[in-house]
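Peer 1: Provided below are the primary sequence and the corresponding predicted coordinates.
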Amino acid sequence: MAGVRVHRVDLRPDEIDHRLLATNVWRTVLDCGRVLPLPDAVVILDSALRRGWVKLADLRAAADAARGHGSAALRRAVAHADALSGSALESALRPLLVLLEATMETQVRICGVPGGPVDFLLNGWLVVETDGYEHHSRRAEYRKDRERSNALAGRGYTLLRFTYEDVKGRPWWVLAQVQALLDRGPAARDPR
């Protein structure tokens, strides 16, 4: 079947969900961390953490003990895992943003900014948000997004917003956009 990669491994009986005839959640999460590209692996790990299916301390212990094929990839994915991630899109963007030389905070609440925490705050002034179509496609969300953007601007923050297509389809462009603003700095003005 096109696009399918088969991975074989010997399983212990406790790693099988006999009702589903599949690997259990724990084993599936670890295997995804070993074989998927980093952004996809982080999406899986974050989702399992957010749902309470696994604990970060357990993931770290398993990654530290991992040996063999994919063990380095698993350790890398676990290093980027964050239970606070608000969406799969945020989870996919985080491993990209850490490539930049910037301090990064996730899920930061900014006083006076409606709509909950911002996805990422870089160097204390650059807000990076991910906008999935599902949560930003209706008129009410559109208005809330404008209110949020204006509140951030009013408090001196610079805002960049990226879509699923940006993050998954052109990640290097996303990084170039963020890096260009980081290089200009927080008080930079367009000379035109």
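Peer 2: That came through fine. The shown structure was predicted, so the numbers you read here are calculated from the model rather than taken from an experiment.
Peer 1: All the strands of this protein, residue numbers only.
Peer 2: Secondary structure of the chain (DSSP state E): strands located at 16-17, 22-23, 104-108, 118-122, 126-131, 158-163.
Peer 1: do you know which of the ones you listed lies nearest residue 60?
Peer 2: Among the strands of the chain, strand 104-108 comes nearest to residue 60, with 17.4 Å by C-beta to C-beta. Quick note: C-beta positions are derived from backbone N, CA and C, even for glycine.
Peer 1: coming back round to it: quick one: closest of the strands of the chain to residue 88.
Peer 2: strand 126-131 (9.2 Å).
Peer 1: Please tabulate the strands of the chain in JSON lines and include distance to residue 148, mean neighbour count and mean pLDDT as additional columns.
Peer 2: Listed next are the strands of the chain as JSON lines, based on distance: least, C-beta to C-beta, whole Å; neighbours: other C-beta atoms under 10 Å; pLDDT from 0 to 100:
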{"stretch": "strand 16-17", "distance to residue 148": "41", "mean neighbour count": "14", "mean pLDDT": "79"}
{"stretch": "strand 22-23", "distance to residue 148": "40", "mean neighbour count": "14", "mean pLDDT": "81"}
{"stretch": "strand 104-108", "distance to residue 148": "13", "mean neighbour count": "15", "mean pLDDT": "93"}
{"stretch": "strand 118-122", "distance to residue 148": "8", "mean neighbour count": "21", "mean pLDDT": "94"}
{"stretch": "strand 126-131", "distance to residue 148": "8", "mean neighbour count": "22", "mean pLDDT": "92"}
{"stretch": "strand 158-163", "distance to residue 148": "8", "mean neighbour count": "17", "mean pLDDT": "94"}
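Peer 1: Serialize the ones you listed to JSON lines and add fields for distance to residue 3.
Peer 2: Converted to JSON lines, the strands of the chain look like this (distance: least, C-beta to C-beta, whole Å):
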{"stretch": "strand 16-17", "distance to residue 3": "24"}
{"stretch": "strand 22-23", "distance to residue 3": "19"}
{"stretch": "strand 104-108", "distance to residue 3": "32"}
{"stretch": "strand 118-122", "distance to residue 3": "30"}
{"stretch": "strand 126-131", "distance to residue 3": "26"}
{"stretch": "strand 158-163", "distance to residue 3": "24"}
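Peer 1: Give me the neighbour count for residue 5.
Peer 2: 6 (other C-beta atoms under 10 Å).
Peer 1: sorry, back to before: how about the strands of the chain, which one is nearest residue 7?
Peer 2: Evaluated over those, closeness to residue 7 peaks at strand 22-23, with 10.6 Å, by C-beta to C-beta.
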